[in-house]
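Engineer: here is my input, please return the structure:
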Amino acid sequence: MIHRTSSSSGTLSDPTDVRDWVFDPELVHRLVADVHGSGSTFRRSPFDERKLADIPESSTDDVARAFAGAREAQEEWAAVPVRRRAQVLLRFHDLLLARQEEILDLIQLETGKTRLHALEEVLASAAVVRHYGRAAHSYLKPRRRGGAIPGVTRTVEVRHPVGVVGQIVPWNYPLALTVSDALPALAAGNAVVTKPDTQSALSTLWVRELLVEAGLPREVWRTVIGEGPVVGRAVVEHADYACFTGSTRTGREVGRRAADRLVGCSLELGGKNAMIVFEDADLDRAVDGALRGCFASAGQLCMSIERIYVHEVVAAEFLAAFAQRTAALRLGADLEYGPDMGSLVSRQQLRTVQEHVADAVAKGAEVVVGGRPRPDLGPLFHEPTVLSGVDASMRVFAEETFGPVVSVHRFADESEAAAFANDTDYGLNASVWTRDGARGRAFAARLRTGMVNVNESYASAFGSVGSPMGGRKSSGLGRRHGAEGIQRFTESQTIAQQRLLPMAPFALGPLKVEGAGYAAFMTRSLRLLKQLRLR
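Structural biologist: Below you'll find the model as predicted:
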């Protein structure tokens, strides 16, 4: 996958210093070979801002050609039985687990995250692929529905692929987010045109190459690369269904453009997610959960916890333990398991983090721990940061930071905790901690979020791939995972066959049922159907 600059062995005998490693040019050439792109661009590694690789850049004409080719291939792919399409996913599952070290290297060098946080992507992707590989047929098979007149009307609901799905993937989870949308779309019989973020394009292209190796026809999945305002917009303008993960601001634009064309879309957008710690919580476990929820992938996770509300009885104890554990986290750029947190991805992300912290401090907040960039570790590193005394006058109070910064607050009772947690424009994820499972579930139902984790930060809900995952309010539209996660890529069709009697006045031999007689007959029939409890 990558070579040591002082050796041509291509092995990872001593990968602790990422500055000694570069991408294999043959790997890059292979991955970008099928990209529809007439230009050229590149990105730098967050670890040290070294140039990673030259990659193609697409024009709007390239996007049009990608969609045209995908449409030609889609009809033949849709004719393949669902179970055979699902077998491709299951072969991909095995290849992914067998060759995970390759994609872990790619993800780390492109995103700056630790190896453990890159592994989360592998595990999440394998779970999604296994689920749809086993369940796609059940989700997509024709289903008998109640007819207009029982025994006379035979009704079946069938599902057809929408055509060509346009997918726009962000930089922060290039494996998991590519897989979670593209593979169910393909399993449903669609073709896909994907625009990965340029920063992490090679990780997405690796996924495509592995799926082709697993048996997907190469022409069915096309890729384009370029800036969102140009290439991303063109993807939405050609797609039969638009699938976007990214900022709320851009998501609104995608939604408007899809609506103008009367095509469907799903949008997984930002979050300002809350964690609630009750007085009966296991505080050691809650602190562990807060560390994972706040600082996984350096906080660059849409489900990341950015607000913690702790019952006033245990608030001081929790904050002291949380601060101590946060201060002990190990930061580093390492292609082995070891560091607890990696780098931010760009100078823009670092600037946002610094601005939020500085604004909060200037307006009276206290930095309990952290609060500083760490250029000694790398140009984009920032300490995991815990704030107290944050109020509504501060940017960090309501704006999504998307970095390793969390504010800790107190509450007096459940009603106050629910009001605090729901006081946001976002509604993606929440985390509730209590020893009483029934209490946790009941409180979770009061939160206006698409997901709630009881005694976990985000992994339980996201990892429950048979259940829908998505946001409310400004956190998005639509759902991935479960039935909704694959059926969104289909159009439902109702086929109703009428037998024996028409849906109109009729005659049975010499008997004619029409006019007032027909009205009386239908009225009696409807009453009987209700008495029989038929739906």
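Engineer: now the helices for the stretch 251-400 of the chain?
Structural biologist: 283-295, 315-327, 347-362, 395-398 (DSSP state H, counting those that start in this stretch).
Engineer: show me what counts as buried in the lengthiest helix in the chain.
Structural biologist: The helix that spans the most residues within the chain, counting by DSSP state H, is helix 115-140. If you call a residue buried by 16 or more other C-beta atoms under 10 Å, then helix 115-140 has these buried ones: 115-122, 124-133, 135-136, 139-140. All C-beta spots, glycine's among them, are computed from the backbone N, C-alpha and C.
Engineer: give me the helices and strands touching that helix, please.
Structural biologist: helix 82-98, helix 100-111, helix 174-187, helix 459-463, helix 482-487 (3 or more C-beta pairs under 8 Å, 6 or more residues apart in numbering; DSSP states H and E).
Engineer: in the longest one, what's buried?
Structural biologist: By neighbour count, with 16+ other C-beta under 10 Å as the criterion, the buried positions of helix 82-98 are 82, 85-86, 88-93, 96.
Engineer: could you work out the end-to-end span of stretch 472-482 for me?
Structural biologist: Terminal residues of stretch 472-482 are spaced 17 Å apart (C-alpha to C-alpha, to the nearest Å).
Engineer: ok, residues contacting that stretch?
Structural biologist: Residues outside stretch 472-482 that contact it (C-beta atoms under 8 Å, 6 or more residues apart in numbering): 128, 131, 180-181, 184, 248, 251, 255, 264-271, 302, 424-428, 448-450, 464-471, 484-485, 488.
Engineer: inside strands: which ones of those residues?
Structural biologist: 264-268 (DSSP state E).
Engineer: could you dump the residues you listed to TSV with neighbour count and distance to residue 162?
Structural biologist: Output for the ones in strands among the contacts of stretch 472-482, formatted as TSV (neighbours: other C-beta atoms under 10 Å; distance: C-beta to C-beta, whole Å):
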residue	neighbour count	distance to residue 162
264	20	7
265	23	11
266	26	12
267	24	16
268	27	18
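Engineer: figure out how far stretch 32-44 is from the centre of its chain.
Structural biologist: Distance of stretch 32-44 from its chain centroid, counting by C-alpha atoms, centre = their mean, to the nearest Å, is 24 Å.
Engineer: check which residues of that stretch are buried.
Structural biologist: Neighbour-count burial for stretch 32-44 [16+ other C-beta under 10 Å]: 32, 34-37, 43.
Engineer: restrict it to CA atoms and write it as PDB.
Structural biologist: The C-alpha coordinates for stretch 32-44 follow below in PDB (Å, rounded to 0.1, in the frame of the first residue of the first chain):
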ATOM      1  CA  VAL A  32      -7.700   6.500 -10.300                       C
ATOM      2  CA  ALA A  33      -7.700   4.700 -13.600                       C
ATOM      3  CA  ASP A  34     -11.500   4.700 -14.000                       C
ATOM      4  CA  VAL A  35     -12.100   8.200 -12.600                       C
ATOM      5  CA  HIS A  36     -13.900  10.400 -15.100                       C
ATOM      6  CA  GLY A  37     -11.500  13.300 -15.000                       C
ATOM      7  CA  SER A  38      -9.700  15.500 -17.500                       C
ATOM      8  CA  GLY A  39      -7.900  17.700 -15.000                       C
ATOM      9  CA  SER A  40      -5.500  17.100 -12.100                       C
ATOM     10  CA  THR A  41      -5.500  18.000  -8.400                       C
ATOM     11  CA  PHE A  42      -3.900  16.700  -5.200                       C
ATOM     12  CA  ARG A  43      -4.300  16.800  -1.400                       C
ATOM     13  CA  ARG A  44      -1.900  16.800   1.500                       C
END
